[in-house]
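Trainee: predicted model follows, preceded by the sequence.
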Amino acid sequence: MAKSQSEKYGGDWTKRKLEMLRAYLNAYTTALKNKPFKLLYIDAFAGTGSVELPAKGIDGTREIVQFVDDSARDVIEGSAMIATKIYNKKFDELIFIEQNKKRCQDLKALAKRYASRNIRVKQAEANAFLVELCQSWQAERGASWRGVLFLDPFGAQVKWTTIESIANTKAMDMWIWIPVSGLSRMLPVDKKPEDISGTLAQTLDKVFGGAHREKFYKIQIDLFQEPRSSRARGVEMIRTVYKDQLWDVFGARLLKDSRLFYNDKGSPSFEFVFCTGSENEKAITLAHKIASHIIKAKE
């Protein structure tokens with residue numbers, strides 16, 4: 001594949017994440033093969049359709065990788081291509097959202113190669129597009145549509161208002177890639193919640209929504225027996241607070257099992273989380289069974 005048609009990102013976790021997505025899309029379309037629903041796939045940060053990996057994983061920070069030796073490149077299918085090539089029961093519509101003009105051109109080339117598929121490429125800011133789509137879901141799609149949404153942002157790009165809109169459709173299963181280490185680096189360890197302000201406060205409010213700051217910080221007694229407001233180091237509290245927030249909007253549709261991905265130094269970097277769209281108990285049970293199996297599968 002031409003160099004311009006693939007993105008360069010690093011980590012074995014990238015390949016594993018995409019394998020998990022492929023497994024779920026295959027199982028999802030198989031499960032709904034004989035159901036009357038029309039199926040929609042949405043890729044909110046679609047990239048180009050292919051991903052270029054180094055021979056070995058990098059430190060898990062999802063930064064662009066520069067290659068010295070062309071022979072070290074490993075080009076794999078990206079999420080947009082994976083969804084396009086699901087054939088057991090094809091998605092009736094695929095929407096690829098990408099803000100970057102060059103990547104959109106590559107996605108449009110992909111759509112042209114698969115002209116028989118109903119592919120829409122939207123050059124747009126993902127949050128704004130998704131909120132609009134979700135708010136118009138009942139009017140434009142109604143109960144006859146079901147979907148899968150893949151949220152794979154470049155850092156802290158997903159707004160909490162977007163998550164709420166997705167949950168309210170009650171029709172889209174969601175896989176979300178959460179940059180737990182990046183969020184942890186954003187949060188100062190020693191801070192009073194009320195002292196967090198400016199750009200940092202706006203970013204945290206955007207990502208977590210609601211009164212989240214008090215959940216992170218507790219009064220601790222330091223070595224000098226003085227009270228100090230601080231948070232637990234590491235990513236565990238980040239994971240807990242974010243999934244608590246997901247529970248508030250998805251309820252039992254949030255799968256408790258998730259997959260934590262580590263960088264080459266053994267530190268947790270990302271978490272892959274699944275939520276079911278439908279509120280139907282049988283649908284939740286089936287979707288959770290499939291997703292849990294995928295999450296727990298050995299590499």
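Mentor: Perfect, I can see it now. Bear in mind the structure is a predicted one, so any value in this text is a computation, not a measurement.
Trainee: now stretch 130-142: buried residues?
Mentor: 130-131, 133-134, 137, 141 (16 or more other CB atoms under 10 Å). To be clear about C-beta, it is placed using only N, CA and C from the backbone, and glycine gets the same treatment.
Trainee: after the lowest-mean-pLDDT helix or strand in the chain comes which helix or strand?
Mentor: Ranked by mean pLDDT, DSSP states H and E, the weakest helix or strand in the chain is strand 7-8, scoring a mean of 48. With elements assigned by DSSP states H and E, the helix or strand that comes after strand 7-8 is helix 12-31.
Trainee: report the buried residues of that following helix.
Mentor: Neighbour-count burial for helix 12-31, counted by 16+ other CB under 10 Å, picks out 12-14, 16-18, 20-29.
Trainee: cool, stretch 237-257 as well?
Mentor: Buried residues in stretch 237-257 (16+ other CB under 10 Å): 237-239, 241-243, 245-246, 249-250, 253-255.
Trainee: same thing with stretch 29-40?
Mentor: Within stretch 29-40, the residues that count as buried by 16+ other CB under 10 Å are 29, 32, 39-40.
Trainee: show me the contact partners of it.
Mentor: Around stretch 29-40, the neighbours that count as contacts under CB atoms under 8 Å, 6 or more residues apart in numbering are 86, 88-95, 141, 144-148, 172, 286, 290.
Trainee: so how far does that stretch reach from one end to the other?
Mentor: One end of stretch 29-40 sits 10 Å from the other (CA to CA, to the nearest Å).
Trainee: ok now that stretch, how far from the chain's centre?
Mentor: Relative to the centre of its chain, stretch 29-40 is centred 22 Å away, using CA atoms, centre = their mean, to the nearest Å.
Trainee: stretch 245-259 too?
Mentor: 14 Å.
Trainee: so for that stretch, mean pLDDT?
Mentor: Throughout stretch 245-259, pLDDT has a mean value of 96.
Trainee: and if you look at stretch 149-157?
Mentor: The model assigns stretch 149-157 a mean pLDDT of 92.
Trainee: helices or strands next to the helix or strand where S184 lies in the packing?
Mentor: Using DSSP H and E, S184 falls within helix 180-186. When contacts are defined as 3 or more CB pairs under 8 Å, 6 or more residues apart in numbering; DSSP states H and E, helix 180-186 packs onto helix 198-208, helix 236-250, strand 268-275.
Trainee: ok, which of those comes nearest I82?
Mentor: Checking the helices and strands packed on helix 180-186 against I82 by CB to CB gives strand 268-275 as the closest, at 14.9 Å.
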